[in-house]
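Undergrad: fold the following, please.
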Amino acid sequence: MRIVILGKTGAGKSSLANTTFGEDVFRVYDSSNSGTRECKAVTNTINGRNITLIDTPGLFDTNRSEEEMKPAILKCLMECAPGPHAFLIVLKVEKFTEQEKAVIDKISKHFGEKVFRYSTIVFTHGDQLSDGKTIKDFVYQNELMRDLVKKCGDRCHVIDNKYWKDKPQGEYRSNKFQVAQLLNTIDKMVENNGGYYTNEMLQRVKEIKQQEGENIRQSSPNMTKEEIREQAKVSVFRRMWSKVGNIGVSFLGGLFGVAASVARILFK
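TA: Now for the predicted structure:
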């Protein structure tokens with residue numbers, strides 16, 4: 001299962017990934033600047049299932065130019081092809097401001113409204129919840145936040161990367177409890193959707209990666225499957241990167257949404 005984690009800089013995306021896996025596989029930065037500099041994917045086993053979490057650069061990076069964002073966008077595309085089963089939109093337990101709204105608007109712009117059918121909202125900093133309150137109690141206090149969660153099928157969960165680590169499984173304010181509930185929510189969502197989020201671009205990336213992998217396998221029969229897979233990613237990334245020089249970030253972002261023309265540019 002492929003899961004893409006989205007959110008603004010400092011929302012706690014990398015920490016959420018670590019909490020989900022139960023180990024520190026993504027680096028967490030204590031800084032007001034963007035921590036994750038490029039898209040990173042890690043596959044791990046949870047309850048006997050292979051799950052790939054794809055951590056992404058913050059949508060509002062504080063010190064990166066548009067040119068710097070291009071490789072990050074392409075890397076994300078590479079890692080999640082032929083498409084993610086779920087998106088986790090990460091927000092803090094705090095006031096929902098115009099900046100948070102701008103993040104959601106940008107997600108919609110790049111991925112299309114269809115993205116919310118495959119999305120779950122995950123709040124971090126759960127220790128900020130008032131005593132006795134659930135995350136839905138918090139959400140329903142704010143109209144914008146409530147509308148967003150409803151758009152995502154009323155799916156929302158909460159974790160706390162600092163204070164809820166060692167809480168018993170049976171407690172609501174326990175990361176173990178919340179992660180189990182989150183994965184259950186994702187399973188139901190995927191079942192209801194009948195598969196994963198995809199489009200022409202993502203399908204095309206999958207096909208090109210498979211073709212490149214077969215070429216590598218034939219020319220280097222001693223390479224392992226994992227080595228072939230990684231080499232194919234590098235090769236296809238370089239091919240795509242050579243074509244994006246004159247494509248603006250806003251247009252390139254459409255590769256996740258409806259810009260089939262981008263696919264033709266990158267793979268002509």
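Undergrad: secondary structure class of Asp105, three-state.
TA: helix (DSSP: H, G, I helix; E, B strand; the rest coil).
Undergrad: and it, how many neighbours does it have?
TA: Asp105: 12 surrounding residues under other C-beta atoms under 10 Å. C-beta: built from backbone N, CA, C; applies to glycine.
Undergrad: domain map for the protein?
TA: Here the domain parsing of the chain from automatic domain parsing is 2-193, 200-267.
Undergrad: any regions of the stretch 151-268 of the chain where pLDDT drops low?
TA: Low-confidence segments of the stretch 151-268 of the chain, defined by pLDDT under 70: 245-268.
Undergrad: need the contact list for Arg155.
TA: The contact partners of Arg155, by C-beta atoms under 8 Å, 6 or more residues apart in numbering, come to Ser119, Thr120, Ile121, Val149, Thr185, Met189.
Undergrad: can I get these in CSV with secondary structure and distance to Val93?
TA: Listed next are the contacts of Arg155 as CSV, based on DSSP: H, G, I helix; E, B strand; the rest coil; distance: C-beta to C-beta, whole Å:
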residue, secondary structure, distance to Val93
Ser119, strand, 18
Thr120, strand, 16
Ile121, strand, 11
Val149, helix, 13
Thr185, helix, 18
Met189, helix, 22
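Undergrad: and what about Leu53, helix, strand or coil?
TA: Following three-state DSSP, the label given to Leu53 is strand.
Undergrad: which residue is the nearest non-sequential neighbour of it?
TA: Ala17 (4.6 Å; C-beta to C-beta, 6 or more residues apart in numbering).
Undergrad: my read is that that neighbour contacts Ile51, right?
TA: No. In this structure, Ala17 is not within contact of Ile51 by C-beta atoms under 8 Å, at 10.3 Å.
Undergrad: Val158 contacts Asp127, correct?
TA: No. Between Val158 and Asp127 there is no contact under C-beta under 8 Å: 9.8 Å.
Undergrad: and these two? Which one has more around it.
TA: Per other C-beta under 10 Å, whichever of Val158 and Asp127 has more neighbours is Val158, with 27 against 13.
Undergrad: for the more buried one, what are its contacts?
TA: Applying C-beta under 8 Å, 6+ apart, we find Val158 in contact with Val93, Val122, Phe123, Thr124, Gly126, Leu129, Ile135, Phe138, Gln178.
Undergrad: ok, those residues vs Lys225, which is closest?
TA: Proximity of the contacts of Val158 to Lys225 (C-beta to C-beta) peaks at Val122, which lies at 32.1 Å.
Undergrad: what helix or strand is the closest one located in?
TA: Using DSSP states H and E, the element containing Val122 is strand 119-124.
Undergrad: got a pLDDT number for Leu59?
TA: With respect to pLDDT, Leu59 has a value of 59.
Undergrad: then the one 5 residues further on?
TA: With respect to pLDDT, Arg64 has a value of 63.
Undergrad: now do Gly83
TA: pLDDT at Gly83 comes out at 91.
Undergrad: tell me which of the domains of the chain sits most buried.
TA: domain 2-193 (a mean of 18; mean count of other C-beta atoms under 10 Å).
Undergrad: ok, which stretches of this structure are strands?
TA: Using DSSP state E, the strands of the chain run over 2-7, 40-46, 49-55, 86-92, 119-124, 156-158.
Undergrad: take the ones you listed and lay them out in JSON lines including distance to Val28.
TA: Below are these laid out as JSON lines (distance: least, C-beta to C-beta, whole Å):
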{"stretch": "strand 2-7", "distance to Val28": "13"}
{"stretch": "strand 40-46", "distance to Val28": "12"}
{"stretch": "strand 49-55", "distance to Val28": "10"}
{"stretch": "strand 86-92", "distance to Val28": "13"}
{"stretch": "strand 119-124", "distance to Val28": "11"}
{"stretch": "strand 156-158", "distance to Val28": "18"}
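Undergrad: cool, thanks, talk later.
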